[in-house]
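Asks: Based on what follows, work out the 3D shape:
(2 chains)
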There are 2 protein chains.
Amino acid sequence: VLLARVGTGLRSETVRRTNLSVIIRELHFGGPQSRSALVGRTELTRSAIRSLISELVSADLVAEVRAAPVGVPGRPSTMVCPNAEGAVVLALDITVDSLAAALIGLGGTILASARVDRPPTHLEPSEIVADLVSLAEPILREPAAAGRFIGIGVAVVGVVRRSDGLVSMAPNLGWREIPLGRLVAAAFDGDAPVAVANEADLGALAELRRGAAVGADDVLFVSGEVGVGGGVVVDGRPMIGAAGYGGEIGHMPVNPDGLPCRCGSIGCWETEVGEGALLRHAGRRPDGGREAVDAVLADAAAGLPRAVAALDEVGRWLGVGLAGLVNVFDPELIVLGGFFGRILPRVGELVDRELDRRALAAPRSLVCVVPAKLGVDAPMIGAGELAMEPLLADPARWLLPRRPRLELAGA
Amino acid sequence: VLLARVGTGLRSETVRRTNLSVIIRELHFGGPQSRSALVGRTELTRSAIRSLISELVSADLVAEVRAAPVGVPGRPSTMVCPNAEGAVVLALDITVDSLAAALIGLGGTILASARVDRPPTHLEPSEIVADLVSLAEPILREPAAAGRFIGIGVAVVGVVRRSDGLVSMAPNLGWREIPLGRLVAAAFDGDAPVAVANEADLGALAELRRGAAVGADDVLFVSGEVGVGGGVVVDGRPMIGAAGYGGEIGHMPVNPDGLPCRCGSIGCWETEVGEGALLRHAGRRPDGGREAVDAVLADAAAGLPRAVAALDEVGRWLGVGLAGLVNVFDPELIVLGGFFGRILPRVGELVDRELDRRALAAPRSLVCVVPAKLGVDAPMIGAGELAMEPLLADPARWLLPRRPRLELAGA
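Replies: Numbers count the residues shown, from 1 in each chain, chains lettered A, B, ... in the order given. Okay, the predicted model is just below:
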C-alpha cells in the first residue's frame, strides 16, 4: 500500500492494544476457532495469544469452550468463542417504508429484533425517532441487553455527515439538515455513542463482513430502491469520502438530455435505473413503491411485453452505469441489492452485454456480478457493525467493570 | 477506519521494522527535522527515536547535521536529514510525446534527469525501451548513482496491471498486452525490481506527496491530455483497484448518444473533454497534439469567438463529469493537471456553475478545485516514489552492506 500519510510509531502499550484488537476482530468476523487457528491467522506467538485471550476472558468478551470433536478420538479441543452477550449494540434502520431495531452481540449474533412497516409519507424526524424508541423498548428489556453496551448505530436512507450524524439530505423522507445523531442520542441514554451512516454504505459493510463479499477487498455494492444506493470498498476498507458523503453513485450524470433528478440535477443514473424509471417504462405511476415493482416483476415473469421491455431498458442502463463504475473502481466483485438483486437473473445477459461493450477489457475480465445475500436486513446489520467498531478498534478501553444497561431517557 | 480485513498481530521484530518505516517515511516526505519534531510526529519515545536513528545513520540512510539557527543565540540544534545518495531509484516516464529518465534520491531529491521529445507515432515497445536505456545511461554514470539502488519505476500512458507491469492497453502508443515490466527489467540490470503504473495514477501520487495535495486525504487528480487520466486518493491511500486498473475516470459514460471512444465504447467523458474534443470544437484537426491545444488557448486569450466557445464547451463538460465524481468520491480536493490545469483560470466559473447545479450540495460545499503544481514531471516524480516504496515500507531489509551500483545489461 502506497501510504501518503505517515503513521505514528508503535509503543509497547500500542502493541498490546493493537494485538487485542486483532484478536477480537478475528473472533467477531471469523467466529469460534482454536488457539492454533488464531496463532496461524494473527501470526502472533502462542504465548502472546494465551495472555491476550486470558485478558479478554476475564473481561467476559471471550469464552473458552471445550468442544468434543464429533467422531474423532483423542482429547477434546478448546475453542475460543466471542461472547455475544459480553458486548452488545443497538442497531436502528430507517428506510423509505419500514423501521427496524435490533440488539446485536459480539460476533454478529442478532439477539433480538423487530421491524415495522411505515407509510411512505414524509414524517417529522422527531416522530420517526419516537417510533424507533417504541420499537426498541421491548428489545432493550431483553436479558441479553444487560451486556456491556457499546453504542447505537443508525442506518438512514439519506446523505449523512459521518462526524456527527447530520442528515444533509434525505429526499425520500423529506428531510434536509436534520441532526439525526443528536436526536437519537437524546431519545435514548444521552451517554451512549451514536453513529449514523447512509443505508447503502452500511448494507455494503454488512455484505462485506457477513454476506456476499466476505473475503473480497475491492467491492462495489449497488442497491436499487427508489434511489440508487452505493457502497464502495477500496482495498478492504469502506470508502466514505472526506465527510462521509462518498458513494452516491446514483448521482453520476449518464444522460445529459435525461430527466430531472430528485437531487436537483439532470440525467443522473438513478433517473434511468431507479424504481421510478422501471415503473415509468412499465406504464405505471412512478411512485408506486415496492408493491408496484413486485407487480412489474410478476408481469415480466408472466411474459407481458411491456413489463419485459421495462426490465430490459432498466437492465441496459444498469449495464451502462456499471461499465463506468468498473472503469473507475476496478472492483473484483459487484454486489447488487434491492430490486437489482431480484432482477439480476432476468437482466444478467443485458448487463453483461453492456459491460462487454463499454467497460475496458482488462478490468471487465476480472469482475463478477452477484446478488446480495442479506436482503432487507443488510443496512441494519451494517449499523450494528458500525456501532461495534469502537470495541473492535480498541478493546482495551472496555476491559473495565461493565457499564450498567442502557436506560431510556426519562425511564 | 472500518477495516473489513483482519490484520496480523504485532511481534517485537515487526514493531522495530514498523517504527523504522515510520521514521524513514517521515524524513522522506517531511524533509530534515529535529529529533524533538520526530518525537512529536511519530509519538515514539525519545530513547526509541535515538536508537532507531542510530541504526539508520549507520546504514547511511540518514545523516545528523548540526545546524546553527540563524540569528538565535544558544546551542546549535541537530537536524535529522534523509541522505539523498543513501538510497536512489531510477524513474522513467513514457508519455505520448516525450520520454524521461531521472535518478531520484531518498527525500525526493532529483539527482539527475533528462527528457527528450519523441514523435507521437506508434513505436514498438522494444524501440521505446532502447531509447529509455540511451536516455538513462549518462544518468546512471553519475557519481550519485553509486548509492544503494532500490529499483526502477516506470510511468506509462496506458492501462497497467500492477502485479507485473503488463500494459493491457495503451491506445496512444498503439500497444496491447505488452509486458513492459519484463522488457524494462531485461534491458537494465535484470535483478533490479521494476514497478510500472499508469501515468495519471503516478501524477496523482506525486501531487499528493510533493505537490498541490500535500496533507489532503481524499483527493481526485484529473489530467487532460489526448486521454483523460485520473488518480484517486481515498483516506490517504492511492486507489488502484483490484488489479491496478482503477481510476480510469476518462471512461465514465456521460453521453450515451455521444461519439465513439478510442476504448471501443461510446460517449465516454474523454470524448467530451479530451484534447480531441477541444480541437474539434475549435475547428481544428482532433489529432493536432499539444501545439494545436496551445494555439487554441492563445486564440481564446486573444478573444477569438470559436476558440472561446470551444473552451466553454469543454469547461462545461469538465464540470458535468467532476460533479459526478464529487458525488461518487466526496473528495476534499480536485487537482487538475495537463491542459485542464492550464484552462482552469478561464473555465473555472463554468466548472463551478456545473458543480453547483449538478453535484449534491453537501459534498459540493466541501470541495476545492485547484491546478496541479508539478507540471509535466509529475508522473516521473510519482514513478520515483513508486520505486522507493519497498525501502519506505521496510527499511530493515536494506540495513545491510550496499549493493553495487546498477549495471546496464551487457555493459
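Asks: quick one, helices of chain A?
Replies: A:12-30, A:35-42, A:46-58, A:125-140, A:180-187, A:199-210, A:270-273, A:275-281, A:289-301, A:305-329, A:338-358, A:361-366, A:378-393 (DSSP state H).
Asks: Let's have the ones you listed in CSV, adding mean pLDDT.
Replies: CSV is the format used below for the helices of chain A (pLDDT from 0 to 100):
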stretch, mean pLDDT
helix A:12-30, 91
helix A:35-42, 91
helix A:46-58, 93
helix A:125-140, 95
helix A:180-187, 96
helix A:199-210, 93
helix A:270-273, 96
helix A:275-281, 95
helix A:289-301, 92
helix A:305-329, 97
helix A:338-358, 94
helix A:361-366, 94
helix A:378-393, 96
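Asks: These: which one's closest to B:P119?
Replies: With C-beta to C-beta, the closest approach to B:P119 among the helices of chain A belongs to helix A:361-366: 27.2 Å. C-betas here are computed from N, CA, C, even on glycine.
Asks: list the helices and strands the closest one packs on?
Replies: Judged by 3 or more C-beta pairs under 8 Å, 6 or more residues apart in numbering or on different chains; DSSP states H and E, helix A:361-366 is in contact with helix A:305-329, strand B:166-170.
Asks: What strands flank the shortest one, and is each parallel or antiparallel?
Replies: Spelled out, that is strand B:166-170. strand B:159-161 (antiparallel), strand B:175-179 (antiparallel) (DSSP bridges).
Asks: Which of the ones you listed has the lowest mean pLDDT?
Replies: When those are compared by mean pLDDT, strand B:159-161 comes last with a mean of 90.
Asks: thinking again about what came up before, and of the strands paired with strand B:166-170, who's closest to A:G315?
Replies: strand B:159-161 (26.8 Å).
Asks: Spell out which parts of the stretch 301-411 of chain A neighbour chain B.
Replies: Residues of the stretch 301-411 of chain A lying close to chain B by C-beta under 8 Å from any C-beta of the partner chain are A:320-321, A:323-324, A:327-332, A:357-363, A:366-367, A:385-386, A:389.
Asks: what sits against A:T8?
Replies: Contacts for A:T8 (C-beta atoms under 8 Å, 6 or more residues apart in numbering or on different chains) come out as B:V22, B:R41, B:T42, B:E43, B:L44.
Asks: Phi, psi for it please.
Replies: phi -90, psi 160 (degrees, to the nearest 10).
Asks: Report pLDDT for it.
Replies: 78.
Asks: Tell me if I'm right that A:G31 and A:P82 touch.
Replies: Yes - counting by C-beta atoms under 8 Å, A:P82 is a contact partner of A:G31 at 7.2 Å.
Asks: more crowded one of these two?
Replies: Neighbour tally, A:G31 and A:P82, criterion other C-beta atoms under 10 Å in any protein chain shown: the higher count belongs to A:P82, 24 against 14.
Asks: Identify the contacts common to A:G31 and A:P82.
Replies: Contacts common to A:G31 and A:P82, judged by C-beta under 8 Å, 6+ apart, are A:G107.
Asks: how many neighbours does A:G244 have?
Replies: Neighbours around A:G244, by other C-beta under 10 Å: 23.
Asks: tell me the contacts of A:V370?
Replies: A:A212, A:L333, A:I334, A:V335, A:L336.
Asks: got it, and A:G315?
Replies: A:I343, A:R346, A:V347, A:L350, A:V351.
Asks: if I look at it, how far off is chain B?
Replies: 14 Å (C-beta to the nearest C-beta, to the nearest Å).
Asks: Spatially nearest residue to that residue (excluding sequence neighbours)?
Replies: Among residues not flanking A:G315 along the chain, A:V347 sits closest, at 2.9 Å (C-beta to C-beta, 6 or more residues apart in numbering or on different chains).
Asks: returning to what we had before: could I get the contacts of A:T8 as CSV with distance to chain A and neighbour count?
Replies: As requested, the contacts of A:T8 are exported to CSV (distance: C-beta to the nearest C-beta, whole Å; neighbours: other C-beta atoms under 10 Å in any protein chain shown):
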residue, distance to chain A, neighbour count
B:V22, 5, 22
B:R41, 7, 16
B:T42, 4, 22
B:E43, 4, 15
B:L44, 4, 22
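Asks: Tabulate the strands paired with strand B:166-170 (CSV), appending distance to B:H122.
Replies: Output for those, formatted as CSV (distance: least, C-beta to C-beta, whole Å):
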stretch, distance to B:H122
strand B:159-161, 16
strand B:175-179, 8
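Asks: do you know which of the ones you listed lies nearest B:V194?
Replies: Of the strands paired with strand B:166-170, nearest to B:V194 by C-beta to C-beta is strand B:175-179, at 10.6 Å.
Asks: buried sites along the closest one?
Replies: By neighbour count on 16 or more other C-beta atoms under 10 Å in any protein chain shown, the buried set for strand B:175-179 is B:W175, B:I178, B:P179.
Asks: The last one: what's it in contact with?
Replies: B:P179 makes contact with B:D164, B:G165, B:L166, B:V167, according to C-beta under 8 Å, 6+ apart.
Asks: So which of those wins on neighbours?
Replies: B:V167 (26 neighbours).
Asks: just the buried members of the residues of the stretch 301-411 of chain A next to chain B?
Replies: Applying 16+ other C-beta under 10 Å to these flags A:320-321, A:323-324, A:327-332, A:358-360, A:362-363, A:366-367, A:385-386, A:389 as buried.
Asks: hmm, back to that, and which of the contacts of B:P179 is nearest chain A?
Replies: Nearest to chain A out of the contacts of B:P179 is B:L166 (C-beta to the nearest C-beta; 8.7 Å).
Asks: isn't the closest one right up against B:L183?
Replies: No - with contact defined as C-beta under 8 Å, B:L166 does not count as touching B:L183 (10.5 Å).
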